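J.: sequence-free structure coming up:
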């Protein structure tokens, strides 16, 4: 247990569906992140939130929409995804201002787009 | 960001010491070196971080030569459960909320 939980752990959706991934951190951190890990590819940073404001958006398609309502929760809203979006989506948190920038990752959501 | 190069894969046996070397020739003055471990279908886990010389914790040691152009993660007496992917990351850690840039990592396989 890292103190970061993600739900659901597995998700299968069609290309016309709308779904949301949820992340919650219990560590009192003030920064949260979404990463994508496709098969045989390095982890890719998608979004960064610091103090509930989005500070980075790595050219992610608009069919992925993040939301950070407070410092403990992070959502990734999904709509009209493509099969190539199938991947492991990982959430992480850290304490911005911590010199080490140690990030704590959740277990991920395994997404399959049919 | 400084680019890192590490072996794609390594094999070893239980009880052995394993050393994984990472090259980062373009490391900048403010960059730290951080290693993460990832098991299949799990998120990465922070192992160790250093700036120069040697750092040791309960899990591993990190050796960094004076020129800082490379670093070596040392895992003492590995077990089967140390089979994982190990990532070397280099970045400026001045306290912001910075996303991490992962490479392909080193897939370490420990055999009985």
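T.: Arrived safely, thanks for sending. Not measured: the values here are computed from a predicted model. Residues are numbered from 1 along each chain as shown, chains lettered A, B, ... in the order given.

J.: which residues touch residue B:21?
T.: By CB atoms under 8 Å, 6 or more residues apart in numbering or on different chains, the contact set of residue B:21 is B:6, B:7, B:70, B:71, B:72, B:73. (Each C-beta comes from the backbone N, C-alpha and C, glycine too.)

J.: any idea whether it is helix, strand or coil?
T.: What DSSP: H, G, I helix; E, B strand; the rest coil gives for residue B:21 is strand.

J.: what sits opposite it in the beta ladder?
T.: residue B:72 (DSSP bridges).

J.: what's residue A:68 in contact with, if anything?
T.: Neighbouring residues of residue A:68 by CB under 8 Å, 6+ apart: A:32, A:49, A:52, A:53, A:54, A:74, A:75.

J.: Can you name the residues of chain A that neighbour chain B?
T.: Within chain A, the positions adjacent to chain B are A:2, A:4, A:30-31, A:33, A:35, A:42-43, A:45, A:48-50, A:55-56, A:58, A:88, A:90-92, A:94, A:96-108, A:110 by CB under 8 Å from any CB of the partner chain.

J.: before we move on, the earlier item: any chance of the contacts of residue B:21 in a markdown table, plus neighbour count and pLDDT?
T.: Shown next, in a markdown table, are those (neighbours: other CB atoms under 10 Å in any protein chain shown; pLDDT from 0 to 100):
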| residue | neighbour count | pLDDT |
| --- | --- | --- |
| B:6 | 21 | 96 |
| B:7 | 14 | 97 |
| B:70 | 19 | 96 |
| B:71 | 26 | 97 |
| B:72 | 15 | 97 |
| B:73 | 26 | 98 |
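
J.: okay, and the helix or strand of chain A with the least pLDDT?
T.: Lowest by mean pLDDT, DSSP states H and E among the helices and strands of chain A is strand A:53-57, with a mean of 78.

J.: by contact count, what packs against that one?
T.: If you count contacts as 3 or more CB pairs under 8 Å, 6 or more residues apart in numbering or on different chains; DSSP states H and E, strand A:53-57 packs onto strand A:44-50, strand A:64-70.

J.: just so I know, which of the ones you listed lies nearest residue A:8?
T.: Of all the helices and strands packed on strand A:53-57, strand A:64-70 sits nearest to residue A:8, with 16.5 Å by CB to CB.
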